[in-house]
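> Structure for this input, please:
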Amino acid sequence: MGGQESGRPRRAGDRAWRRDFDGRRRACHRSAPVRPPVRPVLLLALLLPLIAASASSSAAKRGERRAQTEQVIAGVLQGDPVPAAVSRLRFLREEAYAAEEITLAMRRALDERVRRNLTAVLAGLETREAEPTLARLAGDDDSAVRMYAAQGLGRLKSRNTQVLLPLLQDKSSGVRREAARALGASRNPRMGAVLVKAAKAEQELEVRAAMLTAVGDTGDKKQVSALKAYLTSDSESSRFAAARGLCRLGSQDGFAFAGKLLGSEDRFVRRQGLELYEGVAAKKAAPALEPLLEDKDRALAAGAARILYQGGDTSMLEWLVLASWNAKGEEKLTYEKELETLQLADDRRKAILRKAGVAK
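Presented below is the predicted three-dimensional model:
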């Protein structure tokens with residue numbers, strides 16, 4: 001019956017009863033209560049102070065770096081040296097903020113020397129945030145400002161060639177030179193023919209050399225014949241610039257020209273040959289430069305390693321570090337000179353030495 005179990009009625013004092021799966025009533029045996037897990041809200045409450053403290057510390061450090069950035073820029077306004085200012089700003093790693101502050105300072109600056117120095121610092125930061133200001137300054141009334149602006153755009157490998165093209169006819173040779181280099185750095189093949197045309201009309205040999213080299217940087221292989229014509233020029237600077245441009249285009253004519261110089265008995269002539277490989281991809285330069293790593297002229301060997309590294313062979317950095325580690329006296333200075341050019345950080349050097357097992 002519904003109110004009875006085993007022939008007797010259910011009493012008030014009996015233990016709680018529940019039906020089991022077979023329909024019979026069974027005593028309900030409850031296990032000990034299980035403590036719920038710690039709630040996410042509690043964890044978040046514990047972590048929030050730590051997160052806030054970390055964020056506060058990070059913000060404080062950034063604020064300190066920005067304050068120092070402002071001090072450096074203020075120093076430039078007072079006449080502090082440009083190279084030291086650029087070095088300090090890059091160390092602070094607030095290049096973008098520095099670019100913003102310099103842009104504001106340029107609007108207020110009236111002194112010619114101050115405007116030039118600010119533009120030079122802006123160009124040296126190599127930050128993309130500086131590009132709009134540099135593009136605007138490329139049309140400035142002051143030729144020095146235009147020159148530094150073009151230089152900065154070149155360092156950024158800016159694709160804004162439209163602001164650079166008019167500068168190839170600038171009255172200032174320095175502006176024309178930096179504009180040519182920047183157009184080459186844009187890696188825009190369409191600039192190759194423009195630079196060849198400008199080189200033909202250029203009277204300043206240094207500027208013409210910059211233009212011919214820049215042709216190679218554009219990657220326009222259609223200009224190989226035009227560059228080859230300069231290999232027999234009466235101007236040594238034009239010959240070497242054309243050869244450098246040909247090497248950067250991967251032309252065998254350029255490599256042959258450089259090979260003759262590397263085969264000389266005169267060490268200075270050989271170094272001239274090595275210089276022609278500056279900016280050439282490691283894969284293209286390797287056949288000529290890798291044998292130089294064993295050359296008795298260790299300055300030539302060190303230079304070859306550095307050029308190969310800059311061309312994309314990362315193993316050459318380890319080669320230079322270990323060569324310096326094992327060298328002594330003047331030879332050690334030879335390797336250190338090339339490592340200084342690469343601005344090798346101390347922690348990177350230590351990591352390479354640890355990997356090689358020669359330092360802890």
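> Spell out the residue ranges of the strands in the protein.
Under the criterion DSSP state E, the chain contains strands at 4-5, 8-9, 17-19, 25-27.
> Comparing the ones you listed, which yields the minimum mean pLDDT?
Among these, strand 4-5 has the lowest mean pLDDT, at a mean of 44.
> so where do the helices sit in the stretch 151-300 of the chain?
173-185, 191-201, 205-218, 224-228, 236-248, 252-262, 267-275, 282-289, 298-310 (DSSP state H, counting those that start in this stretch).
> can you redo those helices as JSON lines with mean pLDDT?
Formatted as JSON lines, the helices of the stretch 151-300 of the chain follow (pLDDT from 0 to 100):
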{"stretch": "helix 173-185", "mean pLDDT": "98"}
{"stretch": "helix 191-201", "mean pLDDT": "98"}
{"stretch": "helix 205-218", "mean pLDDT": "98"}
{"stretch": "helix 224-228", "mean pLDDT": "98"}
{"stretch": "helix 236-248", "mean pLDDT": "98"}
{"stretch": "helix 252-262", "mean pLDDT": "97"}
{"stretch": "helix 267-275", "mean pLDDT": "97"}
{"stretch": "helix 282-289", "mean pLDDT": "97"}
{"stretch": "helix 298-310", "mean pLDDT": "98"}
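> Dump the ones you listed to JSON lines, plus distance to E330 and mean neighbour count.
The way it works is simple: take the backbone N, C-alpha and C, and place the C-beta from them, glycine included. Formatted as JSON lines, the helices of the stretch 151-300 of the chain follow (distance: least, C-beta to C-beta, whole Å; neighbours: other C-beta atoms under 10 Å):
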{"stretch": "helix 173-185", "distance to E330": "33", "mean neighbour count": "25"}
{"stretch": "helix 191-201", "distance to E330": "40", "mean neighbour count": "20"}
{"stretch": "helix 205-218", "distance to E330": "31", "mean neighbour count": "25"}
{"stretch": "helix 224-228", "distance to E330": "38", "mean neighbour count": "19"}
{"stretch": "helix 236-248", "distance to E330": "28", "mean neighbour count": "24"}
{"stretch": "helix 252-262", "distance to E330": "22", "mean neighbour count": "18"}
{"stretch": "helix 267-275", "distance to E330": "14", "mean neighbour count": "16"}
{"stretch": "helix 282-289", "distance to E330": "22", "mean neighbour count": "18"}
{"stretch": "helix 298-310", "distance to E330": "9", "mean neighbour count": "23"}
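> Looking at those, which is nearest to R108?
helix 173-185 (24.5 Å; C-beta to C-beta).
> Give the other helices and strands that the closest one contacts.
When contacts are defined as 3 or more C-beta pairs under 8 Å, 6 or more residues apart in numbering; DSSP states H and E, helix 173-185 packs onto helix 143-155, helix 191-201, helix 205-218.
> Output that helix in PDB, but only the C-alpha positions, please.
Provided in PDB are the C-alpha atoms of helix 173-185 (Å, rounded to 0.1, in the frame of the first residue of the first chain):
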ATOM      1  CA  SER A 173      73.600  68.500 -54.300                       C
ATOM      2  CA  GLY A 174      73.100  67.000 -50.800                       C
ATOM      3  CA  VAL A 175      69.400  66.900 -51.300                       C
ATOM      4  CA  ARG A 176      69.800  65.300 -54.700                       C
ATOM      5  CA  ARG A 177      72.100  62.700 -53.300                       C
ATOM      6  CA  GLU A 178      69.800  61.700 -50.400                       C
ATOM      7  CA  ALA A 179      66.800  61.700 -52.700                       C
ATOM      8  CA  ALA A 180      68.500  59.300 -55.000                       C
ATOM      9  CA  ARG A 181      69.400  57.000 -52.100                       C
ATOM     10  CA  ALA A 182      65.900  57.100 -50.800                       C
ATOM     11  CA  LEU A 183      64.400  56.300 -54.200                       C
ATOM     12  CA  GLY A 184      66.700  53.300 -54.400                       C
ATOM     13  CA  ALA A 185      65.800  52.200 -50.900                       C
END
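> how much distance is there from it to the middle of the chain?
Here the centre of helix 173-185 is set off from its chain's centre by 20 Å, with C-alpha atoms, centre = their mean, to the nearest Å.
> Can you name the residues that contact K284?
Residues in contact with K284 (C-beta atoms under 8 Å, 6 or more residues apart in numbering) are 247, 250, 311.
> would you list those in JSON lines and tack on distance to R115?
Below are the contacts of K284 laid out as JSON lines (distance: C-beta to C-beta, whole Å):
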{"residue": "C247", "distance to R115": "38"}
{"residue": "G250", "distance to R115": "41"}
{"residue": "G311", "distance to R115": "37"}
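> Return the member of the residues you listed nearest to A281.
Nearest to A281, judged by C-beta to C-beta, of the contacts of K284 is G311 at 5.0 Å.
> Might one say that that closest one is in contact with A285?
Yes - between G311 and A285 there is a contact at 5.6 Å, judged by C-beta atoms under 8 Å.
> how far out from the middle of the chain is stretch 242-250?
24 Å.
> correction: stretch 102-113
Distance of stretch 102-113 from the chain centroid (C-alpha atoms, centre = their mean) equals 27 Å.
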